[in-house]
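[1] Test case, fold it:
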Amino acid sequence: MQKELPERKSYRIDAVARALRVLEALGDTPGIGATALAEKLGLTKSIVFRLLQTLEEDGYVQRDEERAIYALGYRIALLGERVGREGALLQVARPVMDSLRDDTGENVNLVIREGTATVVIATREGLHSIRLFAQTGRRGPLHAGGASMVLLAYAEPSIRDRVLEGPLERFSPHTITDPERLREALLLIRSNRYNVAINDLDDGAFSIAAPIRNNAGEIIAGLSVAGATVRLDEVRRASYIEKVIAATDEISRRLTMS
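    Residues are numbered from 1 along each chain as shown. As a prediction, the model looks like this:
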């Protein structure tokens, strides 16, 4: 007798589903009014109007005031651009990250910048058990951490100024919270083309990182090898720096070919 599978619990949020239907309908029929949109979706006009207003306030929908019609907003284009950009980056970076993890035995993290924060978009867990700040999807600071400081060092001056003007949160006794010291550290990163962070974000951990460039030569991400400081002797330090730079150069090269 075949065993019955347990019923799958639904976590569906109807309001979110309706908002997505509105966006899809606007994609199919741009320049439509709220009444026609409600009829198209089989929803009441009041519900559609509230959804449109919410989506408009957040930039996902734009309204033509004179004709009272709606179309997709600028944030949809930004999301599409980001999906294409990060999708290509992830596709290219995955095998290189795997090789770097296998070669070093350490954690490998791929990090991007969003405004004055960072986001970890991929990780590879190393052979050694250690819990680090970097986890896929986690947002972090720009002024602490191997890849984070690389991204800050290569960010446009306005971003660097905003971060340097603070406040600079302290994550450990070794976090740089003095703006002048941080400015000097960023200059050194740009000069060396890599960063070695010790105990500044995770006490007891290191992170060695280098920048990744797109085909226009812009810094779009940072790649790091991270692990416990007790394993980071001078030989490993030099080796990891060389391997991380080689990995980021390889990802950058593949991006220019994709």
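
[2] mind listing the strands for the stretch 51-200 of the chain?
    Using DSSP state E, counting those that start in this stretch, the strands of the stretch 51-200 of the chain run over residues 61-64, 69-72, 107-114, 117-124, 139-140, 195-198.

[3] tell me which residues of the second one are tucked away?
    With burial defined by 16 or more other C-beta atoms under 10 Å, the residues of strand 69-72 counted as buried are 69, 70, 72. In this view, the C-beta of every residue, glycine as well, is placed from N, C-alpha and C.

[4] for the strands of the stretch 51-200 of the chain, which one sits closest to residue 214?
    Of all those, strand 107-114 sits nearest to residue 214, with 11.5 Å by C-beta to C-beta.

[5] Taking strand 117-124 as reference, get the angle to the closest one.
    150 degrees (axes from the mean of the first three to the mean of the last three C-alpha atoms, to 10 degrees).

[6] Can you point out the buried residues in strand 107-114?
    By 16+ other C-beta under 10 Å, the buried positions in strand 107-114 come out as 107, 108, 109, 110, 111, 112, 113.

[7] cool, stretch 172-185 as well?
    Applying 16+ other C-beta under 10 Å to stretch 172-185 flags 175, 176, 182, 185 as buried.

[8] Closest to residue 16 out of the buried residues of strand 69-72?
    Distances from residue 16 to these, taken by C-beta to C-beta, are shortest for residue 72, at 17.1 Å.

[9] Now do the same contact list for that closest one.
    23, 26, 27, 30, 60, 61, 62 (C-beta atoms under 8 Å, 6 or more residues apart in numbering).

[10] Just give the closest residue to the second one, not the sequence neighbours.
    What it means is residue 26. residue 72 (5.2 Å; C-beta to C-beta, 6 or more residues apart in numbering).

[11] which one of the strands of the stretch 51-200 of the chain lies closest to residue 229?
    Across the strands of the stretch 51-200 of the chain, closest to residue 229 is strand 195-198 (C-beta to C-beta), at 6.1 Å.

[12] got the contact list for residue 51?
    Neighbours of residue 51 in contact, by C-beta under 8 Å, 6+ apart: 15, 18, 19, 22.

[13] Adding pLDDT, write the buried residues of stretch 172-185 out as CSV.
    As requested, the buried residues of stretch 172-185 are exported to CSV (pLDDT from 0 to 100):
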residue, pLDDT
175, 95
176, 96
182, 97
185, 97
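
[14] closest to residue 235 among these?
    Using C-beta to C-beta, the buried residues of stretch 172-185 come closest to residue 235 at residue 185, 24.1 Å.

[15] Just to check, that closest one is in contact with residue 146?
    No. Distance between residue 185 and residue 146: 11.7 Å, which falls outside the contact criterion (C-beta atoms under 8 Å).

[16] element containing residue 221, please.
    Assigned by DSSP states H and E, residue 221 falls within strand 219-228.
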